[in-house]
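Asker: pasting the sequence and the predicted coordinates here, then a few questions.
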Amino acid sequence: MKFGLQLGYWGAQPPVNVGELLTVAEEVGFDAVFAAESWGSDAFTPLAWWGSRTERVRLGTSVAQLSARTPTAAAMAALTLDHLSGGRAILGLGVSGPQVVEGWYGQPFAQPLKRTREYVDIVRKVLAREAPVTNEGPHYPLPYVSESGLGKPLKSIVHPLRADLPIWLGAEGPRNVAQTAEIADGWLAIYYAPRLADTYNAWLDEGFARPTARRTRETFEIAASAQVVITDNPAAEIERMRWISALYIGGMGAPELNFHAQVYRRMGYGAEVDEISRLFQAGRKAEAAAVVPDELITDTAIFGDEAHVRKRLREWEDAGVTMMLISVSDVDQLRRIAPLVER
């Protein structure tokens, strides 16, 4: 199992110590660095800027949101980054949710699975550069049919460095995970709980078994995002995560369609999710955080001394995870975590 560094997306201001983190991550053997986007900083620019000071780590988006750019624009960004980095780009894509897609990007959210399949197919056509890119739609028709009728199928001016540039997908539900195993090269898993590995593997196996599957389990990557902190005070980390968990369960999505909340329902926390959501949406955020049980947090995060962290990392690896994608704020944690997985 490998380590990836998750830079995430920015808060009110850019983070201040990313350059140092990247230098140390590459030095201690991290395999990849990822950047995310929501409705502020984008995912590609930080990788191009900060990634220019690296030589070995792969540079991935986790995730670039489908509705933020057309499929051809995403392919352009990915192939450009791939050339600049010498073939180290990973294009991680995800659908986000209706509040962001329709409220921020002004695009329809309907049929996310079909849109994802069509989007990925177009990106692969651009990267293959075998013919001018066409697509019948219905979501991304190329060329676009207008009254002028002047749209023309085109091939990328730039020859992509790799036709097989890896595409990973962020997915949470069973149908989405199965489709990811079918059409993608990797799964960006959020809130991955090793005790549900049999469930996840059943979803993945459904996708691998399809006639059009690109990969087998042996060549497919599973990158699980998780909070991993070596500490003598795990209770303090759990308390910190209570607030973050309450935000994602109660506030990161519409009350009637919150994919993060659905993940925790599948883990068996339905009653807790209902209460957290009710309190958070009523503006009672502190009370919502207080309702979050310790077990909900420790199912998907690792806090403890080095022996405990090593043991829990092995559980993730035994469950099939090929990369732990972790957020780390200081170089001391990077140096302490790196030796805990034998490579």
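Answerer: Sure, I can see it.
Asker: who's in contact with the longest strand along the chain?
Answerer: For the chain, the strand that runs over the most residues, judged by DSSP state E, is strand 221-230. Here strand 221-230 makes contact (CB atoms under 8 Å, 6 or more residues apart in numbering) with 4, 6, 32, 62, 166, 168, 185-192, 237, 241, 300-306, 309, 313, 316, 320-328, 333, 336-337. The C-beta positions use only the backbone N, C-alpha and C, and glycine is treated the same way.
Asker: buried members of the residues you listed into ChimeraX, please.
Answerer: A single ChimeraX command is used to select the members of the contacts of strand 221-230 judged buried by 16 or more other CB atoms under 10 Å:
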select :4,6,32,62,166,168,185,186,187,188,189,190,191,192,237,241,300,301,302,303,304,309,313,316,320,321,322,323,324,325,326,328,333,336,337
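Asker: filter the contacts of strand 221-230 down to the ones in helices?
Answerer: With DSSP state H as the criterion, helices contain 237, 241, 306, 309, 313, 316, 333, 336-337 from among the contacts of strand 221-230.
Asker: so which of these is the closest to residue 217?
Answerer: Comparing the ones in helices among the contacts of strand 221-230 against residue 217 with CB to CB picks out residue 316 as the nearest, at 15.9 Å.
Asker: roughly how far apart are the closest one and residue 326?
Answerer: To residue 326, residue 316 is 11 Å away according to CB to CB, to the nearest Å.
Asker: same question, residue 277
Answerer: 27 Å.
Asker: same check on residue 44?
Answerer: Distance, residue 44 to residue 326, by CB to CB: 21 Å.
Asker: ok, residue 21 next?
Answerer: Distance from residue 21 to residue 326, by CB to CB: 11 Å.
Asker: try residue 41
Answerer: From residue 41 across to residue 326, the span is 19 Å (CB to CB).
Asker: who touches the helix or strand of the chain with the lowest mean pLDDT?
Answerer: Between all helices and strands in the chain, the lowest mean by mean pLDDT, DSSP states H and E belongs to helix 259-266, at a mean of 84. Applying CB under 8 Å, 6+ apart, the contact partners of helix 259-266 are 97, 172-173, 190-191, 196, 199, 248-250, 252-253, 272-273, 277, 296.
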